[in-house]
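Undergrad: just coords:
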């Protein structure tokens, strides 16, 4: 039976989960995969943490050099996170000919070219299923499951923190601030929640997933990004009344005109399969030219779900000798030609506050009309105490820049009308 | 660039879809997969059909011998269906060292041992993604995506015909017969619908999927099977009122006690992700010990979705030289030990008709109690014109044989009480 030695860099949440899965399933993988996977070494500055997980003293390495020079280590698992040390260690492992399995979305998103070149040069494997959507095998699906298709669209709920917050706001009618606090209390959000709530985490993942789906490198810098910090409970409630659920969607589209990639809070029709993806669950909804619509749903984070993806990569690496680093085929050439679309099309939800007198609606309607925006549905709400009237509306599909131009013109009416909210809508 | 010659046996719906995908995407696969896939030959008795799909005259083979002796054919796609010719042709191809890709669930379910032995003996590949759940990459996911997990449970809506009929009965309150006719009119059901509506199709697929999930051969004969022909619109309506949606579920469970596999109409709580899988869509909901719950959703049938799965297998075969036929590892040994559970546990929905007089409910309650059955919820409906009273109830989880025994005892009360419906419930 083939023996595979693994080193784990970092025994945080995911590293700990990976260690647990590998040690508890060793016999299971011998039996079902015909491979003996052994943790040969861990790199963890917090020795107590390593010992408390049951790592034998003599398997705790002192530095990366020990690991990359160890002939018993075939696969190095990088679960440190961040860039500096992670990048250095991954390159050291690849340059020593070790296969690398990483969960590091930021590293892979920003440095995939460098890492893949190093992997190729050293004939080493480079796997990153755990970098996107935790235990959901979305990367394997893109590479080996729907690869017969030209993918035209990908829409994902790929950040558990924001989905938890938005689900709670929707169910309980609470404010963003209260739900964020609750998420932090439960460990779903970090003390500094910026990476999640401002959409950076989802944008890293979208960059990776759309690069795979569209067969070209989609740089992080091309991802339009808007977080959920400005979302109000009023908009969630009004959207609900109109049949929509608010989600932070990561959207990638490919057409002959180019590629568009964007992360923003989005109203989804309540009968869309993505609308039912609640709490910290994640999902990716793909459309391929042959397969049609496919959705993958599951846990996007957590020690064991993400550990499952890492161990899946380890087994894959141990049982497949090909397709080691061929993730962005012909990237060097493709990059030159690909166009990215910033003036994308969408339907829009808008909330306006207007003065309650004759002629104002006509003014607004004229601005919309001049920008080619037509309205599907509009609700005028009762006048507020200050005499102003809230208007809530959903438009037909139109261009992003046309909406921005209309909003600027309406806001220029100053006292008369103001646009409080613009949210994109998937119908 | 590697060149792969393909022969397609049978140009029916799926064969036609496969031919279309391969010919339209040849350049796309050259660019994205670094492989040139060429249809070298087709076997189709209906020459007109082949010509109408654009197959050049000189690529229409006269017999299987021509194909298996053709050195330019590397991969044989079997999409004939049924057993006799399909089995003979697949064996001939494998024995000639050709890789086989098949969509034939009945063949693979019943003859996987024979086919895998032939594949192994000849070092030929054997792939069958298209045999289960159309374009949804469930087999790839089980083999390469969640293989790090001990799978405890799998629940699937894996037959589009029955899901279409049940969705329509649920939405419109129509009868089974009317919805079957509509499904036949739209081409979702065949003129002889037995294989679908009696659950054979789902049982073949469940046998294959649970064999993969549980790492042992799960024979078709072990699958408990009940179709949807006895489902009434009254039960669907009453279940809906109680918060359930009726689906034909294929359920596989694995525990230290053994394996249970069953296909039957099942009430699913309306907030379960499977409850939202409507019309001809399919889904499989898996639970793994590390990954937790994962669901895959998509089109379970159709020329292009199933063709997508076939071409995915062709590309996989062309780009991976390992894991060709290792689908039921160590099956020969495992088969001896595995236990199958026929007295499975479930919650139950029951509809009874009872006489409207004192003491009857007590009699029924006593029968339940003696069989260890306890009730979660019961609704007594207004007396009917004939004076009888319908009772609808849902039980806690209990054993199948206990329910059957209770039903027999209640029915033995004859005039006094009768059990009209027993349906299993997933809570």
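TA: Arrived safely. If you're wondering where the values come from, they're calculated on a predicted model, not measured in any experiment.

Undergrad: for the rest of this, base every contact and every neighbour count on C-alpha atoms.
TA: OK.

Undergrad: around chain B, pick out the residues from the stretch 151-300 of chain A.
TA: A:215, A:273, A:276, A:290-299 (Cα under 8 Å from any Cα of the partner chain).

Undergrad: check those residues and tell me the two furthest apart.
TA: Spanning the widest gap among those are A:215 and A:276, at 29.6 Å by Cα to Cα.

Undergrad: ok, these two, which is more surrounded?
TA: Using other Cα atoms under 10 Å in any protein chain shown as the criterion, residue A:215 and residue A:276 rank with residue A:215 on top: 21 against 18.

Undergrad: what pLDDT does the more buried one get?
TA: In this model, residue A:215 is scored at 90, pLDDT.

Undergrad: quick check: phi and psi on it?
TA: Per-residue torsions, residue A:215: phi 60, psi 40 (degrees, to the nearest 10).

Undergrad: the one 3 residues further on now?
TA: Here the main-chain torsion angles of residue A:218 (degrees, to the nearest 10) amount to phi -110, psi 100.

Undergrad: thinking residue A:100 is in contact with residue A:125, fair?
TA: Yes: with contacts counted by Cα atoms under 8 Å, residue A:100 reaches residue A:125, the gap being 6.0 Å.

Undergrad: now do the phi/psi pair for residue A:382.
TA: Torsion angles, degrees, to the nearest 10, at residue A:382: phi -60, psi 150.

Undergrad: does it touch residue A:390 like I think?
TA: Yes: with contacts counted by Cα under 8 Å, residue A:382 reaches residue A:390, the gap being 7.3 Å.

Undergrad: higher neighbour count, those two?
TA: For residue A:382 versus residue A:390, the count of surrounding residues by other Cα under 10 Å is larger for residue A:390: 21 against 12.

Undergrad: helix or strand: which one has the closest residue to that one other than its chain neighbours?
TA: With sequence-adjacent residues excluded and distances taken as Cα to Cα, 6 or more residues apart in numbering or on different chains, residue A:390 is closest to residue A:353, at 4.5 Å. If you go by DSSP states H and E, residue A:353 is part of strand A:345-354.

Undergrad: residues contacting that strand, please?
TA: If you take Cα atoms under 8 Å, 6 or more residues apart in numbering or on different chains as the criterion, strand A:345-354 is touched by A:235, A:267, A:360, A:388-400, A:416-427.

Undergrad: relative to strand A:345-354, how tilted is whichever helix or strand comes after it?
TA: Where DSSP H and E defines the elements, the next helix or strand beyond strand A:345-354 is helix A:360-370. When axes from the mean of the first three to the mean of the last three Cα atoms, to 10 degrees is applied, the directions of helix A:360-370 and strand A:345-354 differ by 160 degrees.

Undergrad: in its sheet, what does the helix or strand following helix A:360-370 sit against?
TA: Going down the chain from helix A:360-370, the next helix or strand is strand A:375-380, by DSSP H and E. As defined by DSSP bridges, the strand partners of strand A:375-380 come to strand A:389-395 (antiparallel).

Undergrad: and the residue nearest to residue A:390, how many neighbours?
TA: Residue A:353 - counted by other Cα under 10 Å - has 21 other residues nearby.

Undergrad: tell me how far it lies from residue A:381.
TA: Taking Cα to Cα, to the nearest Å as the measure, residue A:353 falls 10 Å from residue A:381.

Undergrad: which neighbours do the two share?
TA: Common neighbours of residue A:353 and residue A:381, counting by Cα under 8 Å, 6+ apart, are A:389, A:390, A:391.

Undergrad: need those in CSV (columns: distance to residue A:70 and pLDDT).
TA: Compiled in CSV, these are given as follows (distance: Cα to Cα, whole Å; pLDDT from 0 to 100):
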residue, distance to residue A:70, pLDDT
A:389, 71, 94
A:390, 67, 94
A:391, 67, 95
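
Undergrad: out of the residues you listed, which comes closest to residue B:13?
TA: Using Cα to Cα, residue A:391 comes nearest to residue B:13 of the shared contacts of residue A:353 and residue A:381, at 51.0 Å.

Undergrad: who's in contact with that closest one?
TA: Residues counted as contacts of residue A:391 (Cα under 8 Å, 6+ apart) are A:351, A:352, A:353, A:354, A:378, A:379, A:380, A:381.

Undergrad: list buried residues within those residues.
TA: A:351, A:352, A:353, A:354 (16 or more other Cα atoms under 10 Å in any protein chain shown).

Undergrad: next secondary structure element downstream of the helix or strand encompassing residue A:85?
TA: Using DSSP H and E, the element containing residue A:85 is helix A:84-95. Downstream of helix A:84-95, the first helix or strand assigned by DSSP H and E is strand A:99-102.

Undergrad: tell me which strands that next one pairs with, and in which orientation.
TA: strand A:75-78 (parallel), strand A:126-127 (parallel).

Undergrad: kind regards, and thank you for your time.
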